[in-house]
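Novice: below: sequence and its predicted model.
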Amino acid sequence: MSKRSLSPPPSGGALIKKARATPPPSNQIIISSSNDDRNKGLVRTVQRTSNLEAPIVSLAGAHSAEILSCRFDPSGQNIAACSSDRGISLWRTYPPNTNYALLSSFAKAPILDLQWSLYSQLLYSVSADHTFTITDVTTGEKLRRIRAHREIVNSVDRTMAGGAGIELVATGSDDGTVKVWEGGDEAKKQPVATLEIGCPVTAVCWSADGNNIYVGAIDNEIHVYDLRKQEEVYSLTGHTDTPTSISLSPDGSYILSPSLSSQTLIHDVRPFSSSANRIHRTLHGAPAGFENTLLRGAWSKEDGGRRVAVGGADRMVCIWEVENSKLLYKLPGHKGTVTSVDFHPKEPIILTGSKDGTMLLGEIEPALAV
């Protein structure tokens, strides 16, 4: 075999230095089927919009049954989820996304809903065993376990009482009542107020000022109760089936309510509304399915409530733009009905929980400034 001759030197005698190839940008996702770096292939470049470790993060392994509710804490640093396995799991939002606590066998029946306290490290949860529980998340200790209702308790919400500096918690139950409790670690075992709705309650939500409670019930209406008078002041119609949850917009002007009819409504709850029936938007795309699951919707917070999200029985999450009812995202990833969604308070991140027993954290595009 003949040896290849060397390349002739350049005519001018000058050395030519090749430019080094540009390194790949840090936001490119690379996958590999082996540990050999040479076999890695570039998938695509992703414009990152948050401080998550990856654009999509799976939180799995804590629960052995369906997740019924999941929420960020007010700071956005922690996540709580409750499940049919009677447990509550606590997670870190940012890397490492550790499951740092699992409060197992926390109730005698599935835990249906939970809320973080607005001002302290407490967690409020309600269960199908008719109880309302207050938990200190720093120690995992139950501070109060109150036999709150005569039937299954479906929903819980909290607010700060105007001017008093006291946290109030509302619980809604199949026994047809909504009860208001004093929150915090000094909570009493007797309710502050009891509202008789007359039919099973599926959802409760406080108004922005803490004076009114929005109550969803199986009569397909949302009843608005004045806590000071302890009586119904008006009701919101438009649903053709039971509303499954109620969520208040960040500015306190609108409420979001998905229903078992697969139709999601946004009602205007300002004192004076331009619409006679107060229906601001009607949204379609999130099927409720035949399981009669209480699907929990949410408003985006980092952009002031310009987007809303609801999960569905098609294992997808729908995100709409409120201004024009446009469907922005239809997000896949789960293997079961998406029961609960929540938005991060400070970044464009959505949290979803599903009947497959897992949660997903996903980045979305930040809302465009108007």
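Specialist: Structure received. Being a predicted model, the structure only gives us computed values, none of them experimental. Numbering: from 1, shown residues only.

Novice: quick check: N51 vs K346, distance?
Specialist: In this structure, N51 and K346 are 10 Å apart, going by CB to CB, to the nearest Å. For glycine as for every other residue, the C-beta is placed from the backbone atoms N, C-alpha and C.

Novice: now the strands: where do they sit in the stretch 101-250 of the chain?
Specialist: All strands of the stretch 101-250 of the chain, identified by DSSP state E, counting those that start in this stretch, fall at 111-116, 122-127, 131-136, 141-147, 153-160, 167-173, 177-182, 193-196, 201-206, 212-217, 222-226, 231-236, 247-248.

Novice: below-threshold pLDDT in this protein: ranges please.
Specialist: 1-46, 162-164, 368-370 (pLDDT under 70).

Novice: if you set the cut-off to 50 instead, what comes out?
Specialist: By pLDDT under 50, the low-scoring segments of the chain are 21-25, 31-33, 370.

Novice: closest one to L360 among the strands of the stretch 101-250 of the chain?
Specialist: Among the strands of the stretch 101-250 of the chain, strand 111-116 comes nearest to L360, with 18.3 Å by CB to CB.

Novice: against which helices or strands is the closest one packed?
Specialist: strand 67-72, strand 78-83, strand 122-127, strand 153-160 (3 or more CB pairs under 8 Å, 6 or more residues apart in numbering; DSSP states H and E).

Novice: quick one, it and strand 122-127 angle?
Specialist: Going by axes from the mean of the first three to the mean of the last three CA atoms, to 10 degrees, strand 111-116 is angled at 160 degrees with respect to strand 122-127.

Novice: which strands border strand 111-116, and is each parallel or antiparallel?
Specialist: strand 122-127 (antiparallel) (DSSP bridges).

Novice: so how far is the partner strand off the chain centroid?
Specialist: 15 Å (CA atoms, centre = their mean, to the nearest Å).

Novice: show me what it is in contact with.
Specialist: Strand 122-127 is touched from outside by 80, 82, 86, 88, 106-117, 132-137, 143, 148, 153-156, 158, 169, 171, 183-185, with contacts defined as CB atoms under 8 Å, 6 or more residues apart in numbering.

Novice: correct me, but S64 touches R86?
Specialist: No: with contacts counted by CB atoms under 8 Å, S64 stays clear of R86, the gap being 10.0 Å.

Novice: looking at these two, which one has more neighbours?
Specialist: R86 (21 against 12; other CB atoms under 10 Å).

Novice: shouldn't the more buried one be in contact with I111?
Specialist: Yes: taking CB under 8 Å as the definition, R86 is a contact partner of I111 at 6.3 Å.

Novice: which residues touch Y234?
Specialist: Counting by CB under 8 Å, 6+ apart, Y234 has contacts V224.
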